[in-house]
Structures are given as structure tokens and as C-alpha cells.
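1. Structure, please.
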Amino acid sequence: MITKEQVYEALHECYDPEIPVNIVDLGLVYDVQVDDDKVAVKMTLTAPGCGMGTMIAADARQRILALDGVGDATVDLVWDPPWNPNMISDEAKQKLGIS
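-> Have a look, this model is predicted:
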């Protein structure tokens, strides 16, 4: 059976093409639910008008579907709570030069 940890691992390989940090460390992934072979992810973007949102969500979904044991995956873009830079992991802040 697929685990949340495996899903998060796969999402660590998904990047916003404008920022050299994965979507998990950027704080964009809000929730991961696993129910048997179905995975549901709620994520956001750094800005609601981000033109790359559909592409990032599709990439995340494909990475999840590539995991053994996953039969279906949904990735929903949500806007509540609004993303802010405080959601970035400490490691990613260092990489981006944010203190």
C-alpha cells in the first residue's frame, strides 16, 4: 500500500520552474490523503495568477501516478490559506538566500 511518505518523496521531485526549490520545501503542499490506491493532494501556488499552476499540478499528479500501488491521483489547487514566504522550509530559505 502507498504511504504519505512515498507521496511526499515523489513531490520533492516536482519544481516550480521559476524557483529552484521543490514544491514541498516551498510550502506549497497543504495536504496529502491516501485511501487504498487513491491519492488526493491539496496544494497552492506562490501567487494565484501564476501561469505555471496547471503545469505544476499536472507534473505533481504524474509523479504520484508513477508510484507503485497508485491507481488514481488528484491534485487540487487551493487558495486558503494563502501562501506566504514563511511557509518555505529553513533549508529552502538558505538555498534562496532568505533569512
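2. who touches residue 19 in this structure?
-> 26, 46, 96 (CB atoms under 8 Å, 6 or more residues apart in numbering). From N, CA and C alone the C-beta is placed, and that goes for glycine too.
3. show me the contacts for the first one.
-> Taking CB under 8 Å, 6+ apart as the definition of contact, the neighbours of residue 26 are 16, 19, 46, 87, 88, 89, 92.
4. tell me the contacts of the nearest residue in space to the first one that is not next to it in sequence?
-> When the adjacent residues along the chain are set aside, residue 16 lies closest to residue 56, with 5.9 Å between them (CB to CB, 6 or more residues apart in numbering). Shown in contact with residue 56 (CB under 8 Å, 6+ apart): 14, 16, 17, 23, 28, 43, 45, 50.
5. Export the residues you listed to a markdown table and append columns for neighbour count.
-> Converted to a markdown table, the contacts of residue 56 look like this (neighbours: other CB atoms under 10 Å):
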| residue | neighbour count |
| --- | --- |
| 14 | 23 |
| 16 | 19 |
| 17 | 9 |
| 23 | 24 |
| 28 | 25 |
| 43 | 24 |
| 45 | 21 |
| 50 | 16 |
